[in-house]
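>>> return atomic coordinates for the entry below.
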Amino acid sequence: MKMRRKELGIPVEYIANSLGVSVATIYRYENGDIEKVPGTVLEPLSKILQVSPAYLMGWGECVLNLAEENTIDCGVLLTKKISEYERLKRTGAPPDEIEKLENECRELSAQGAKLARYAVLSKYFNLLNKDGQEVAVERIKELSEIPKYKK
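Numbering: from 1, shown residues only. All right, here's what the predicted structure looks like:
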């Protein structure tokens, strides 16, 4: 779970807020301190992490579940954070609180853009038959080996 969250660049706070649980609970799921994830949490968590519930439970392969709703959810959370940021600035909150919220807004904005790119890739990938999907994966691997396109 932790590896997938980091792979997608999703902040722990985003997952906790989306699921209505504490950040500490998410860390406990990631570290295996809580072994049985409730069904009410498992399904929405799998959507956020874009994998199947079976994969999260260790029962199956990673099956991407790239729904546009993840991008929308991220946008909704970002809107809330921006409102909170503006409120803190108006009320003269301590600079460190304002800076923390500003950083969270930047992270969510970047995450929303990344999710949108995944959704576009998924849309076109799903239009391909099995052979086309294999060729697409090979081409992406080739692109990842070209220095010009590497991070």
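>>> so who does I34 touch?
T25, R28 (CB atoms under 8 Å, 6 or more residues apart in numbering). Just so you know, the C-beta spots here come from the backbone N, C-alpha and C atoms, and that holds for glycine as well.
>>> check which helix or strand covers it.
I34 belongs to no helix or strand when assigned by DSSP states H and E.
>>> from Q50, how far out is it?
From I34 over to Q50 the distance is 21 Å, taken as CB to CB, to the nearest Å.
>>> ranges for the strands of the protein?
For the chain, no strands are identified by DSSP state E.
>>> just for it, where's the confidence low?
Applying pLDDT under 70 to the chain flags the ranges 54, 58-76, 112-113, 116.
>>> so what are the domain limits for it?
If you go by automatic domain parsing, the domain ranges for the chain are 2-56, 68-149.
>>> just say which of the ones you listed is most tucked in.
domain 2-56 (a mean of 16; mean count of other CB atoms under 10 Å).
>>> and the end-to-end length of that one?
End-to-end distance of domain 2-56: 10 Å, with CA to CA, to the nearest Å as the criterion.
>>> by contact count, what packs against the longest helix seen in the chain?
Scanning the chain for the longest helix, with DSSP state H as the assignment, gives helix 95-125. For helix 95-125, the packing partners by 3 or more CB pairs under 8 Å, 6 or more residues apart in numbering; DSSP states H and E come out as helix 2-8, helix 12-19, helix 68-90.
>>> export those to JSON lines and tack on distance to L121?
Listed next are the helices and strands packed on helix 95-125 as JSON lines, based on distance: least, CB to CB, whole Å:
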{"stretch": "helix 2-8", "distance to L121": "13"}
{"stretch": "helix 12-19", "distance to L121": "21"}
{"stretch": "helix 68-90", "distance to L121": "13"}
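>>> tell me who's in contact with E13.
Neighbour list for E13: V23, E104 [criterion: CB under 8 Å, 6+ apart].
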